[in-house]
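> okay, predicted coordinates and the sequence, questions at the end:
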Amino acid sequence: LQVTSYTNTHGTFQTRTFNGMLPGPLMRMEACGVYSVTLNNRMQGYLAPFPEAPFNSYRDPLVTNMHTHGLHVSGAEGGDDMTVEIQPGADQTYIYKIPCDHTGGLHWYHPHHHGSTTLQAGAGAAGLLVVE
């Protein structure tokens, strides 16, 4: 995850992206597959944290993680665990074990750290995930 500058006919703006892409890269998976995805938090120094903010308020703007919608995978540590806090400069590897009876379809992924989800996902850090 990183901050990326874009220029269009309306001017230049900064947003959050996966791999500098808006939307993020398309991930393709298959039933019975095991996939390793590493998220590198490359956001640094452009926003200060809000240390006194409650859990679901704006806080920790540089902390991130990744969450999927639609996959029938474990939410435990190492899987689709939304409680992970990836600090700036740190990495986290997620392991997705797609069940053999998983239905094919279109799903999506986005950051889901409570306190920075709106800032990051709302600014463009999201992508599609296809189960073949």
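Great, that's in hand.
> switch to C-alpha atoms for all contacts and neighbour counts from now on
Noted.
> give me the residues contacting stretch 104-124.
Stretch 104-124 has contacts (Cα atoms under 8 Å, 6 or more residues apart in numbering) with 15-17, 22-24, 30-31, 55-71, 82-85, 125-132.
> off-centre distance for that stretch?
Here stretch 104-124 is found 5 Å from its chain centre; the criterion is Cα atoms, centre = their mean, to the nearest Å.
> stretch 101-116 now?
From the chain centre to the centre of stretch 101-116 is a distance of 8 Å (Cα atoms, centre = their mean).
> check stretch 91-111 too.
Worked out by Cα atoms, centre = their mean, stretch 91-111 lies 12 Å from the chain centre.
> swap in stretch 19-28?
Put simply, stretch 19-28 sits 10 Å off its chain's centre (Cα atoms, centre = their mean).
> end-to-end on that stretch?
Terminal residues of stretch 19-28 lie 16 Å apart, using Cα to Cα, to the nearest Å.
> who does Arg28 form a beta bridge with?
Going by DSSP bridges, Arg28 is paired in beta bridges with Val130.
> what sits against it?
Counted by Cα under 8 Å, 6+ apart, Arg28 has contacts Leu129, Val130, Val131, Glu132.
> list the contacts for Arg42?
Contact analysis of Arg42 by Cα under 8 Å, 6+ apart lists Leu1, Gln2, Val3, Pro88, Gly89, Ala90.
> which helix or strand contains it?
Assigned by DSSP states H and E, Arg42 belongs to no helix or strand.
> if we ignore the residues flanking it in sequence, what's nearest it?
Once flanking residues are discounted, Arg42 sits nearest to Gln2: 4.9 Å by Cα to Cα, 6 or more residues apart in numbering.
> and what of Thr93?
That would be Thr38: by Cα to Cα, 6+ apart, it lies 4.1 Å from Thr93.
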